[in-house]
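**Student:** Sequence plus predicted model, see below.
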Amino acid sequence: MNRDPGIVFRFLSDPRIFARVFPGFQDVKIMGGEEFIVKLKVTIGPFRGDATLRGRFIELVENKLVKVAGRWEGAGSTMDYMLTFALAKVNSETRVDWVFEGYIEGLAALLGDKVLNSIARSLIDEITEGIIGEVSKL
C-alpha cells in the first residue's frame, strides 16, 4: 500500500472508518473503551438478514499491529473471530500482513467447508479492495 504505516494504522484502528468497507454496512456504534458494534445486512449463500458484529481491540501497537476479537451474529448463525493486521514499512510502502481466524456455528455451518470457503474468499476480496480504496483516499 502506498501509504505511511501511521495512516494505515489509524484507518485499521478506527471502526468508524474501517467498518464502512464491510459488505452490507449500515451503522457502527462505539461502546466504552476499545469496543464497538457494527450493524450489517448480510447474505451467506441462501441465508439473508440483519447481522451484528461486536468487536474489541485486544492489542494495538502504534503503526505496527492491530488485533481485534469478537462475535458476529446474524442469518441464523454465529461466529467467534480474531483478526490480526501486522504493518511494516517496506521501502516507500506499507506492507499489511493479516490473518483471520473464525469459528462459525448455526445455519451457515451447514453449507459445508467448500461453500463457506468460496463465500469467505469473495468477502475477503471485497473487504481488501475496500481497504485499499479507502486508504488510498487518505
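**Tutor:** Okay, I see it.

**Student:** buried set for the helix or strand hosting Ile132?
**Tutor:** According to DSSP states H and E, Ile132 maps onto helix 113-137. Applying a neighbour-count criterion of 16 or more other CB atoms under 10 Å, one finds Leu116, Leu123, Ile127, Gly130, Ile131, Val135 buried in helix 113-137. The C-beta positions use only the backbone N, C-alpha and C, and glycine is treated the same way.

**Student:** which helices and strands does it pack with?
**Tutor:** helix 5-12 (3 or more CB pairs under 8 Å, 6 or more residues apart in numbering; DSSP states H and E).

**Student:** report the angle between the axes of the helix it packs on and helix 113-137?
**Tutor:** Angle, helix 5-12 to helix 113-137, by axes from the mean of the first three to the mean of the last three CA atoms, to 10 degrees: 130 degrees.

**Student:** helices or strands up against helix 5-12?
**Tutor:** Using 3+ CB pairs under 8 Å, 6+ apart, helix 5-12 sits against helix 15-18, strand 77-90, strand 93-106, helix 113-137.

**Student:** Tabulate the CA atom coordinates of it in PDB.
**Tutor:** Extracted C-alpha coordinates of helix 5-12, given in PDB (Å, rounded to 0.1, in the frame of the first residue of the first chain):
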ATOM      1  CA  PRO A   5       2.200   3.000   8.300                       C
ATOM      2  CA  GLY A   6       0.700   5.700  10.600                       C
ATOM      3  CA  ILE A   7      -2.100   6.400   8.100                       C
ATOM      4  CA  VAL A   8      -2.900   2.700   7.600                       C
ATOM      5  CA  PHE A   9      -2.800   2.100  11.400                       C
ATOM      6  CA  ARG A  10      -5.200   4.900  12.100                       C
ATOM      7  CA  PHE A  11      -7.600   3.600   9.400                       C
ATOM      8  CA  LEU A  12      -7.500   0.000  10.800                       C
END
